[in-house]
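Q: fold the stuff below for me.
(2 chains)
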Amino acid sequence: MPKLTIALSGLNNIDSPGPGIPVIRGIRDSKILNPRIIGLAYENLEPGAYMHDLVDKTYKVPYPSDGVEPLLERLKYIQEKEQIDVLIPNFDSELFTFMKSEKTLREIGITTFLPTLNQFEERHKSNLPEYGKKYGVNVPYSEPISSVQDFLQHKEKFEFPVVVKGKFYDAYMAYDLDQLGMYFNKIASKWGLPIVIQEFVKGTEVNVVALGDGKGNTIGAVPMRKTYITDKGKAWGGITLEDPTMLDLTDKIISQTHWRGGMELELIRTAKNGLYLIEINPRLPAWVYLAVAAGQNLPEALVRLALGEEVKPFQGYASGKMFIRYSFDMITDLDEFEKLSTKGEL
Amino acid sequence: MPNTMPKIRKNIAISESGFVFDPLSGESYSLNPLGLEIIHLIKNGQTYEDLSEALLAKYEVDQETFDRYFYDFVAALKQFNLIEVETDA
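A: Numbering: from 1, shown residues only, chains lettered A, B, ... in the order given. Okay, here's the model as predicted:
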């Protein structure tokens, strides 16, 4: 296959890692693709920028919060130099901007494979109760609030503990109103409003990584249980499961919504084996390489879908496949840091 | 004496070392050699009488004590969802 230039963000391979590096590992494992990997970094110390065995070249890009135009201008500059074929954004917070810019990017030769704006909007945490009703999926009761006063209007509908969630990231369990107020302020100052107050469902957290082709077909799906969770709630270890009910639920969601692109379902399995959907992340998760190792190279399939190829659904995967995350002190030189921080390229 | 012998769930993986993996929950457990032996006898479709007779002949244990331990063992298997749930259908 001719050389394919693929650009990715999410190179922050830190204790709360972005999915960029695991997605790149999947693409590098591909026996079909012949990739040149372009990293898009928001910060000078995103480790992926310095991982030259995985990332061929990295460019700093402005935050989407700085506006669409500066980001597009920067991408046009990068495109002139690199001729990117496929772009895979890996942060929730940048997806809206990239979805809005899909047409402009296509005009300059960059293809993406993202959910539609409607798919993206309706699965928002703040819309989850409507989502559950519309698609016949169990979801915990929740209310979006813009102030603690807002919560007081709904407090009869909740019992403590409740889960306090940011619109993109962060979730804390609050056992009383004081804690709710504290977490409200903490998350709102970082991620803005609204904050979502969600009923706490007791059970085991299980997740599914999946890929939809946009026509209602599930190209692949692998369920996992976190076996080791960090204080930020991130998986530091996990194991693939053989759970037909989780796969049925994934199929149900993808077939009804015609989901396009990668997704992660966050679910709670109760003691009575009920499944509650607590969140849909509209991209491949940081643990996606476990799915690759279990037999479903979802990053490769996503790239092929973006190229307009017909991709057949994966048949099966290995259950009992485990991942154990680890940290590693990568050594680099000051001139590398200097290049990225002063020239914005490495 | 149990009315029916428990059935180990079909997809439960049990290695020769006694390591048990439940692919539905992702949980794993370790069996001691006697637990592993009992599991093998259950999987081989032995009746309780045959199983108990074989183990009483092999180990120094009386029937009453064996019955009690066997019930405890099966209760643990049930608690960990490793055996098929009987339905009234």
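
Q: near chain A, which residues of chain B?
A: Within reach of chain A by C-beta under 8 Å from any C-beta of the partner chain, chain B has these residues: B:11, B:13, B:21, B:23, B:24, B:25, B:26. Using the backbone N, CA and C atoms, a C-beta is placed for each residue, glycine as well.

Q: let's see 10 Å
A: When proximity is defined as C-beta under 10 Å from any C-beta of the partner chain, chain B approaches chain A at B:11, B:13, B:21, B:22, B:23, B:24, B:25, B:26, B:27, B:28, B:81.

Q: contacts only, for the third one.
A: Shown here is residue B:21, whose contacts under the criterion C-beta atoms under 10 Å, 6 or more residues apart in numbering or on different chains are A:239, A:242, A:319, A:320, B:11, B:12, B:13, B:14, B:15, B:27, B:28, B:29.

Q: and for the fourth one?
A: By C-beta under 10 Å, 6+ apart, the contact set of residue B:22 is A:241-242, A:319-320, B:9, B:11-13, B:28-29, B:80-82.

Q: okay, the residue nearest to residue A:235 when sequence neighbours are not counted: pLDDT?
A: Closest residue to residue A:235 in three dimensions, ignoring its sequence neighbours and counting by C-beta to C-beta, 6 or more residues apart in numbering or on different chains: residue A:226, at 4.1 Å. Looking at residue A:226, its pLDDT reads 93.

Q: against residue A:284, how distant is the residue of chain A positioned farthest from its centre?
A: Of all residues in chain A, the one whose C-alpha sits farthest from the chain's mean C-alpha position, using C-alpha atoms, centre = their mean, is residue A:156 at 33.2 Å. Note on residue A:156: its distance to residue A:284, by C-beta to C-beta, to the nearest Å, is 39 Å.

Q: now do the strands in chain B.
A: Assignment of strands within chain B using DSSP state E yields the ranges B:13-14, B:19-21, B:28-30.

Q: for those strands, give me TSV that also has distance to residue A:12.
A: As requested, those are exported to TSV (distance: least, C-beta to C-beta, whole Å):
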stretch	distance to residue A:12
strand B:13-14	36
strand B:19-21	33
strand B:28-30	32
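
Q: which of the ones you listed sits most buried?
A: Of all the strands of chain B, strand B:19-21 carries the top mean neighbour count, a mean of 17, counting by mean count of other C-beta atoms under 10 Å in any protein chain shown.

Q: in its sheet, what does that one sit against?
A: Sheet partners assigned to strand B:19-21 using DSSP bridges are listed as strand B:13-14 (antiparallel), strand B:28-30 (antiparallel).

Q: as CSV, those strands with mean pLDDT would be great.
A: As requested, the strands paired with strand B:19-21 are exported to CSV (pLDDT from 0 to 100):
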stretch, mean pLDDT
strand B:13-14, 94
strand B:28-30, 95
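
Q: out of the ones you listed, which comes closest to residue A:152?
A: Nearest to residue A:152 among these is strand B:28-30 (45.6 Å), distances taken as C-beta to C-beta.
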